[in-house]
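Engineer: Okay, here's the prediction I keep looking at, along with the sequence it came from:
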Amino acid sequence: MTDAGPPVLSLGEAPKNLRAQGGGGPSTWLALCLLALQAATLAALFLPRQGGAPALPAAPPGAGAGRSGEDLRAVALKLEERSLPAEAARAWEQAVAAEASPPADRAQVLYRIGKLHADAGDFERAAGALVRAELAAPADADLKAKIGQRLVECLRRLGRYGEVGRELSRRVEVGGDKTGKGKIVATYAGEELTEADVDRALERRVDQMLALQAGLAPAGPERAAQRQALLERFAEPETRNRFLQDLLQTELLCRRARELKLDQDDEFREASRSLEEKLLADRLVAKELEKLQPTDVDLEAHYKSNASDFALPETARVLWLPLVSGEEAGAVLERLKTADDFRAEAGRRAGTAEGAATGAATQPVPEEITRGRPSTKLHASADALFALAAGEWTKAAVGPANARCLGLVEEKTPARTPPFAEVRERVFRHYAERKGRELMGALVQDLMGRYDVRIQAPEKAPAGGSGK
């Protein structure tokens with residue numbers, strides 16, 4: 001038998017022994033006919049055909065009529081190109097049903113149908129197609145592994161967590177996932193979370209963090225080094241344990257939300273669509289920005305033409321001596337004869353209450369200030385201190401009324417332009433950001449032309465009127 005269309009059901013004359021029962025009354029005969037029809041229909045829908053794979057659902061009457069399987073496959077591909085997954089899945093189903101014999105790539109097509117239904121959000125039909133795909137691909141281990149992952153995800157999205165546990169257990173029993181998963185670190189509701197699962201989740205989290213931090217900068221050697229550093233940080237036992245707790249918490253909350261059908265709310269679906277559109281747009285931008293792979297020659301040329309952007313401003317290390325409310329700076333300055341006197345007084349004032357009471361000194365930490373930027377201590381500009389030499393201190397209080405201080409300049413570093421090798425990473429980011437803006441501008445202009453965008457100018461207000 002083939003997969004072409006639904007079975008033809010016909011009922012002949014009833015056997016004599018059935019006609020004889022019950023006196024051959026019309027009601028009995030009608031009931032028997034209905035039972036026979038139901039049994040035949042159920043058998044046609046659910047019993048496997050030759051080859052062990054269940055039949056696809058019958059196409060709607062007239063769907064694909066008169067068209068070859070090859071034509072319907074072409075239609076299905078066109079629908080996929082136009083991002084119509086549900087219609088594409090139905091077209092693939094019609095294509096398989098229209099072919100005279102089971103196609104050689106039946107399992108691959110069924111797997112494709114399952115993915116399309118999942119993309120359309122119809123996870124129940126997706127799961128059905130994936131089960132049929134698995135039965136049709138008994139010898140293709142790689143395909144069966146992909147089918148299994150998709151099937152588990154569909155069951156999760158349907159909230160069938162008991163089925164998820166049984167499916168995962170079955171795959172382990174038949175040897176599907178015996179190797180490479182490592183130690184089990186947690187179990188919940190019949191499922192296992194292994195070291196390999198945590199490692200994969202960590203890598204995804206790190207890649208997401210880098211994508212958010214990178215902005216317009218494309219992937220490169222610097223990104224690879226950052227990724228490795230983050231992975232090493234997450235490998236620390238305490239950090240890894242916190243991540244595991246967060247992973248379990250999210251999984252349990254999502255599980256309960258699906259049980260309550262919260263993922264079927266209109267608001268949630270609208271938010272999901274908006275997020276999908278944003279992710280798709282970001283993915284396109286990322287693909288375009290991958291074209292930016294500057295060489296060292298490009299970066300050095302960019303550095304030379306924008307040297308002022310990489311100049312380092314003048315800085316100084318300042319030791320602050322805070323004044324209490326109402327205290328006159330002159331009275332304090334009379335006691336300060338040397339820089340060591342200043343440090344000792346600053347230490348006494350920065351110490352603990354016990355230290356201040358006993359006169360014990362502590363060593364306060366100087367602040368590094370930058371010309372043109374506010375001081376963290378003063379919450380105001382400290383540029384006046386750049387007029388002093390190292391070892392000198394202010395002869396009057398500086399800062400606002402609630403943060404009056406005297407300041408000792410411990411060390412000064414003049415402004416300078418560092419060599420290219422020292423600021424190569426900054427040059428790379430600067431180059432990527434500038435070229436990224438140029439590329440994005442060109443991309444948007446191209447898309448506006450491609451999709452014939454026309455922005456309507458606002459209507460002008462009538463002469464002598466206010467307008468709206």
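Structural biologist: Yes, it's here.

Engineer: shaky segments in the stretch 151-300 of the chain?
Structural biologist: Applying pLDDT under 70 to the stretch 151-300 of the chain picks out residues 159-182, 212-222.

Engineer: 50 instead, please
Structural biologist: 173-180, 215-218 (pLDDT under 50).

Engineer: Break down it into its helices, ranges please.
Structural biologist: Assigned by DSSP state H, counting those that start in this stretch, the stretch 151-300 of the chain shows helices spanning 161-173, 195-214, 221-234, 237-259, 266-289, 296-305.

Engineer: Just send the ones you listed back as CSV, with distance to residue 127 and mean neighbour count too.
Structural biologist: The way it works is simple: take the backbone N, C-alpha and C, and place the C-beta from them, glycine included. Below are these laid out as CSV (distance: least, C-beta to C-beta, whole Å; neighbours: other C-beta atoms under 10 Å):
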stretch, distance to residue 127, mean neighbour count
helix 161-173, 9, 15
helix 195-214, 22, 15
helix 221-234, 34, 14
helix 237-259, 14, 13
helix 266-289, 19, 11
helix 296-305, 51, 14
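
Engineer: and residue 74, which of those helices is closest to it?
Structural biologist: Among those, helix 266-289 comes nearest to residue 74, with 25.5 Å by C-beta to C-beta.

Engineer: I'd like to know which elements that closest one is packed against.
Structural biologist: helix 424-450 (3 or more C-beta pairs under 8 Å, 6 or more residues apart in numbering; DSSP states H and E).

Engineer: One more pass at 6 Å, please.
Structural biologist: Other helices and strands packing on helix 266-289, by 3 or more C-beta pairs under 6 Å, 6 or more residues apart in numbering; DSSP states H and E, are absent; none qualifies.

Engineer: Dump that helix to PDB, restricted to CA.
Structural biologist: Extracted in PDB, the C-alpha atoms of helix 266-289 (Å, rounded to 0.1, in the frame of the first residue of the first chain):
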ATOM      1  CA  ASP A 266      -2.500  36.600  24.300                       C
ATOM      2  CA  GLU A 267      -0.200  39.100  26.100                       C
ATOM      3  CA  PHE A 268       2.600  36.500  26.300                       C
ATOM      4  CA  ARG A 269       2.300  35.500  22.700                       C
ATOM      5  CA  GLU A 270       2.400  39.200  21.600                       C
ATOM      6  CA  ALA A 271       5.500  39.800  23.800                       C
ATOM      7  CA  SER A 272       7.100  36.600  22.300                       C
ATOM      8  CA  ARG A 273       6.500  37.900  18.800                       C
ATOM      9  CA  SER A 274       8.000  41.300  19.600                       C
ATOM     10  CA  LEU A 275      11.000  39.600  21.200                       C
ATOM     11  CA  GLU A 276      11.400  37.400  18.100                       C
ATOM     12  CA  GLU A 277      11.400  40.400  15.800                       C
ATOM     13  CA  LYS A 278      14.000  42.100  17.900                       C
ATOM     14  CA  LEU A 279      16.200  39.000  18.000                       C
ATOM     15  CA  LEU A 280      15.800  38.600  14.200                       C
ATOM     16  CA  ALA A 281      16.800  42.200  13.600                       C
ATOM     17  CA  ASP A 282      19.800  41.800  15.900                       C
ATOM     18  CA  ARG A 283      20.900  38.600  14.200                       C
ATOM     19  CA  LEU A 284      20.800  40.400  10.800                       C
ATOM     20  CA  VAL A 285      22.900  43.200  12.200                       C
ATOM     21  CA  ALA A 286      25.400  40.700  13.600                       C
ATOM     22  CA  LYS A 287      25.700  38.900  10.300                       C
ATOM     23  CA  GLU A 288      26.400  42.100   8.500                       C
ATOM     24  CA  LEU A 289      28.900  43.200  11.200                       C
END
